[in-house]
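> Sequence and computational prediction follow.
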Protein chains: 2
Amino acid sequence: MKFSKATNYALHTMLMLFTVSPDKPIRVQQLAESQDVSPTYLSKILTKLVKAGMIESISGANGGYRLSSRKDDITFLDIIHAIEGTASLFECDFVHGDECSIQAIMKEAEEKMHGYLKKMKLAVLAQQHTKV
Amino acid sequence: MKFSKATNYALHTMLMLFTVSPDKPIRVQQLAESQDVSPTYLSKILTKLVKAGMIESISGANGGYRLSSRKDDITFLDIIHAIEGTASLFECDFVHGDECSIQAIMKEAEEKMHGYLKKMKLAVLAQQHTKV
DNA sequence: ATATTATAGACCCTATAAGTCTTTAAAGGG
DNA sequence: CCCTTTAAAGACTTATAGGGTCTATAATAT
């Protein structure tokens, strides 16, 4: 199992929006070029972030994508969930009597990861980036 | 991204070996039946656990699989790594100047999960099972 | 010797990731 | 009002990995 490439594109794009220009919209063309990915494919990914309310899109000339007003709250987990979905990483389909104790442990393990990713805000990372 | 079904089979099989019979070998046939999976497929999975030194296999009549001598040390992470491999869940292929800060965070997140899975021993879970 | 067990490896099928292409909708500037 | 520029939507294709079968081989007990 692996995080998808789409998640990597999404994270990098978000960081780019923060560092390059938090307010003025940036065209997908430009965002795509710096990651060496096709604009149409990246736009598909970014549409998910729009639907999740993390960025806004502006059509037409001088349009593009820009961070939404709640930008400072956006966490790594938010982005990952927007792209990968929110289903558990581990699902036991077997029919045991009670809840599967293995699944309980796996769920808890996933929670440890989530707990960390929930604390990691893009805004903070972006700040460290521009500072250096 | 998801943990594979194979990982679920592996974890359940290990737990079964602990609870049913830690010493006497059990045929893959029996292990497979209780999980409703084909014996040939399960054997492929179990061979990975053999190679990882977690269980032993005995060919021939009255053969099967049984726990290895280091059984009490086996953790969830050991089993997961044996089945899924040990590659990172997140790999950033881009060529930034220095190490990718996004990847650094993702790696750390994975570490949180690993840290927990490393503490979880099958033997302990099995004990709780038989106790109840 | 024979029956019983695991191992190996070739093979297949399916679902999902990854990506392309084309059309449509929205917005701005003249 | 027209034209250009931008994103959105959706159909489609391709690549990869998961999940699984099948058959032949090796090991072992009786």
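Received the coordinates, thanks.

> is DNA strand D contacted by the top helix by length along chain A?
Ordering each helix of chain A by length in residues (DSSP state H) puts helix A:101-119 first. No: if you take C-beta under 7 Å from any atom of the strand as the test, helix A:101-119 misses DNA strand D, and the best it gets is 14.1 Å. All C-beta atoms are positioned from the backbone trio N, CA, C, and that covers glycine.

> For that helix, what is the distance to the chain centroid?
Centroid separation between helix A:101-119 and its chain, computed with C-alpha atoms, centre = their mean, to the nearest Å, is 18 Å.

> and it, is it in reach of chain B?
Yes: counting by C-beta under 8 Å from any C-beta of the partner chain, chain B is contacted by helix A:101-119 at A:Ser101, A:Ile102, A:Ile105, A:Met106, A:Glu108, A:Ala109, A:Glu110, A:Lys112, A:Met113, A:Gly115, A:Tyr116, A:Leu117.

> Burial check on the third one, number of neighbours?
Neighbouring residues of A:Ile105 were enumerated by other C-beta atoms under 10 Å in any protein chain shown; the total is 19.

> and it, how far is that from B:Gln128?
To B:Gln128, A:Ile105 is 11 Å away according to C-beta to C-beta, to the nearest Å.

> Quick check, A:Gly115 in contact with B:Gly115.
No: under the criterion of C-beta atoms under 8 Å, A:Gly115 is not in contact with B:Gly115, lying 11.5 Å apart.

> Would you mind writing the PyMOL command to select the buried ones in the residues of helix A:101-119 next to chain B?
Selecting only the buried entries of the residues of helix A:101-119 next to chain B in PyMOL, with 16 or more other C-beta atoms under 10 Å in any protein chain shown as the criterion:
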select buried, chain A and resi 101+102+105+106+109+110+112+113+116+117
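
> out of the residues of helix A:101-119 next to chain B, who's nearest A:Arg70?
A:Leu117 (17.2 Å; C-beta to C-beta).

> if I read this right, that closest one contacts A:Glu84, doesn't it?
No: in this structure, A:Leu117 is not within contact of A:Glu84 by C-beta under 8 Å, at 11.4 Å.

> Quick check: neighbours shared by these two?
Common neighbours of A:Leu117 and A:Glu84 are not found (criterion: C-beta atoms under 8 Å, 6 or more residues apart in numbering or on different chains).

> buried ones in the strand or helix carrying A:His129?
Element membership for A:His129 (DSSP states H and E) is helix A:122-131. The neighbour-count check on helix A:122-131 (16+ other C-beta under 10 Å) flags A:Leu122, A:Leu125, A:Ala126 as buried.

> Save the residues you listed as CSV, and put in distance to DNA strand C and pLDDT too.
Formatted as CSV, the buried residues of helix A:122-131 follow (distance: C-beta to the nearest atom of the strand, whole Å; pLDDT from 0 to 100):
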residue, distance to DNA strand C, pLDDT
A:Leu122, 20, 97
A:Leu125, 22, 96
A:Ala126, 24, 94
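
> Return the member of those nearest to DNA strand D.
The closest of the buried residues of helix A:122-131 to DNA strand D turns out to be A:Leu122 (C-beta to the nearest atom of the strand; 18.9 Å).

> quick one: what helix or strand has the most centrally placed residue in chain A in it?
For chain A, the residue sitting closest to the mean C-alpha position, by C-alpha atoms, centre = their mean, is A:Ile79 at 2.0 Å. Assigned by DSSP H and E, A:Ile79 falls within helix A:76-84.

> wait, does that helix contact DNA strand D?
No: using C-beta under 7 Å from any atom of the strand, we find that helix A:76-84 stays clear of DNA strand D, coming within 13.1 Å at best.

> Quickly check: that helix near chain B or not.
Yes: judged by C-beta under 8 Å from any C-beta, helix A:76-84 and chain B are in contact via A:Phe76, A:Glu84.

> still on that earlier bit, distance to B:Met16 added to the buried residues of helix A:122-131, as a markdown table?
Shown next, in a markdown table, are these (distance: C-beta to C-beta, whole Å):
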| residue | distance to B:Met16 |
| --- | --- |
| A:Leu122 | 44 |
| A:Leu125 | 44 |
| A:Ala126 | 49 |
